Structure formats: C-alpha cells, structure tokens
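> just the structure for this:
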Amino acid sequence: GSAPACCRSTLEDPLQTPKAATLDDIKQLVVDYAQAAANAIDAGFDGVEIHGANGYLIDQFLHHDSNRREDEYGQIPENMSRFALEVVDAIVARIGADRTAIRVSPGAYFNMATDPRDRDVFDYLLPELAKRNLAFLHGGIFDDSMQFDYLGGSISTYLRSVYTGTLVGVGSYTAETGSAAITDNKFDLLAIGRPFIANPDYVAKVRDGGELVAYADTMLTELI
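Numbers count the residues shown, from 1 in each chain. This is a model prediction of the structure:
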C-alpha cells in the first residue's frame with residue numbers, strides 16, 4: 001500500500017517520491033532541528049521559533065488526517081505529540097527555554113481535513129509545552145475569526161483556555177484590533193505578518209497615522 005500521509009521524509013534524495021519517515025529519520029530530524037537552532041544563535045539571533053503549524057512537518061504529526069502512523073509516533077495523543085516535544089526538548093537543551101518558542105495550529109485548516117480527535121492531541125500537547133517554560137507560544141492561523149467546533153471557537157480562544165504561558169496572537173489583526181484583543185486578555189502579544197510585507201515601515205505608519213498599503217499575494221514574488 002501507499003505510505004502514510006504523515007511525517008514524510010526525503011532525507012536521502014530530495015527528488016525521490018516522499019515516504020513515511022522511519023524511526024531513524026525522526027531521530028536525525030530531531031538532531032537537525034537542534035543544530036539549526038544552535039546555528040541561528042551562533043549567527044546572532046536572539047532565539048528561534050519552531051514552526052509546528054500550517055501543515056509543516058511537526059504539524060503533520062499532530063493531526064489525525066495526516067498522521068496515519070501505527071508506531072510510537074501515532075494513534076494516541078501522547079504518541080502524536082512525541083515528535084514535537086522531542087524537537088522542543090532538544091532545542092531547549094542546546095539554546096535554553098528562554099530562547100525557544102513554537103508556533104502551532106490546533107485547528108486543521110491548511111491542506112488538512114478537520115478531525116474532532118485533534119482536540120485530544122492538543123489538550124495533551126499544550127500543557128506539556130507549558131511545563132517547558134518557553135519564551136512564547138504562537139498561534140498559527142491566517143484569520144483568527146475562523147471557528148472550530150471541536151475547539152470551542154477560534155484558535156486564540158482555545159489556546160488561551162489550555163496554554164498557561166505567554167501567548168502570541170495572530171490572524172488578520174490590525175494594530176487597533178490586536179491591541180484591543182490584548183486588553184481583553186485574548187493573548188499577550190500580537191504578531192503582524194502580511195501588513196509588514198506591504199509596508200516595511202508599518203510601525204512608523206501606525207504610530208504616525210499614515211495610510212497603509214493593502215497586502216496582495218503578488219507581493220511575495222517581489223521579495224528579494
């Protein structure tokens with residue numbers, strides 16, 4: 001049969017047909033994540049944010065639609081969270097918890113089908129992450145007005161209800177609506193992405209009341 005959709009590896013040859021990561025692949029990936037984090041610190045970065053959201057590799061382990069594994073990395077919340085926690089622990093061991101953050105997408109929405117069982121995975125994962133005292137946890141969603149029945153609402157609402165550490169909100173907020181959300185204790189910090197692509201001087205424009213250029217996907221082709 002075909003390989004499971006989850007955790008695909010092309011470590012030996014990037015041009016080969018993707019296949020499910022072997023246990024040896026996973027061990028090497030954990031090492032690679034930690035080395036990449038150490039490289040970033042050596043290069044002068046203040047810290048790293050692990051991308052565990054939006055359908056990327058770590059996120060594939062955390063959702064039933066993509067994780068079809070039958071070994072110690074699949075089927076139940078503890079197993080499906082194992083890779084994410086191994087990566088976090090390896091990075092923390094290299095650079096420290098205060099320099100380590102992670103982004104997660106509890107609601108499957110980016111090239112994944114939703115599955116109510118995913119709630120159990122994140123109900124397990126998020127308290128475990130909170131125990132690590134990371135710099136922050138960042139929600140992964142393009143529009144935080146999206147509602148997920150099995151999460152009881154939006155991504156940020158769910159994260160705030162389960163995660164006890166510093167929370168970064170994201171998802172089509174403006175400076176004004178984001179500030180209001182922080183005031184309402186929806187999250188602690190705000191991430192602004194696409195408006196910065198359209199307005200490299202975004203902070204100055206917001207501060208001075210300047211007119212913002214609207215973001216368009218075509219701008220991504222102009223980035224150097």
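
> now for the longest helix along the chain, which elements pack on it?
As assigned by DSSP state H, the longest helix anywhere in the chain is helix 23-42. Counting contacts by 3 or more Cβ pairs under 8 Å, 6 or more residues apart in numbering; DSSP states H and E, helix 23-42 is packed against strand 48-52, helix 82-95. Quick note: C-beta positions are derived from backbone N, CA and C, even for glycine.

> try 6 Å
Helices and strands touching helix 23-42, by 3 or more Cβ pairs under 6 Å, 6 or more residues apart in numbering; DSSP states H and E, are helix 82-95.

> got the contact list for the helix it packs on?
30, 33-34, 37-38, 41, 52, 58, 61, 73, 100, 128, 132 (Cβ atoms under 6 Å, 6 or more residues apart in numbering).

> quick one: those as TSV, columns for pLDDT, distance to residue 83 and neighbour count too.
Output for the contacts of helix 82-95, formatted as TSV (pLDDT from 0 to 100; distance: Cβ to Cβ, whole Å; neighbours: other Cβ atoms under 10 Å):
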residue	pLDDT	distance to residue 83	neighbour count
30	98	8	17
33	98	10	21
34	98	13	20
37	98	16	25
38	98	19	15
41	97	22	15
52	96	9	25
58	97	6	25
61	97	5	25
73	97	6	20
100	98	16	25
128	98	12	15
132	97	15	17
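
> using CSV, lay out those residues together with distance to residue 221.
Output for the contacts of helix 82-95, formatted as CSV (distance: Cβ to Cβ, whole Å):
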residue, distance to residue 221
30, 34
33, 29
34, 33
37, 30
38, 33
41, 32
52, 27
58, 27
61, 31
73, 37
100, 32
128, 39
132, 38
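
> quick one on the thing from earlier: got the angle between the longest helix of the chain and strand 48-52?
150 degrees (axes from the mean of the first three to the mean of the last three Cα atoms, to 10 degrees).

> identify the farthest-apart pair in the contacts of helix 82-95.
Using Cβ to Cβ, these span at most 27.6 Å, a distance reached by 41 and 73.

> now the longest helix of the chain against helix 82-95, angle please.
40 degrees.

> and helix 23-42, how far from the chain's centre?
17 Å (Cα atoms, centre = their mean, to the nearest Å).

> what's the answer for stretch 167-183, then?
On Cα atoms, centre = their mean, the centre of stretch 167-183 falls 17 Å from that of its chain.

> buried stuff in it?
Residues 167-173, 175, 178, 181-182 are the ones in stretch 167-183 that count as buried (16 or more other Cβ atoms under 10 Å).

> same question, stretch 61-74
So stretch 61-74, judged by 16+ other Cβ under 10 Å, has buried residues 61-67, 69, 73-74.

> alright, I will stop here.
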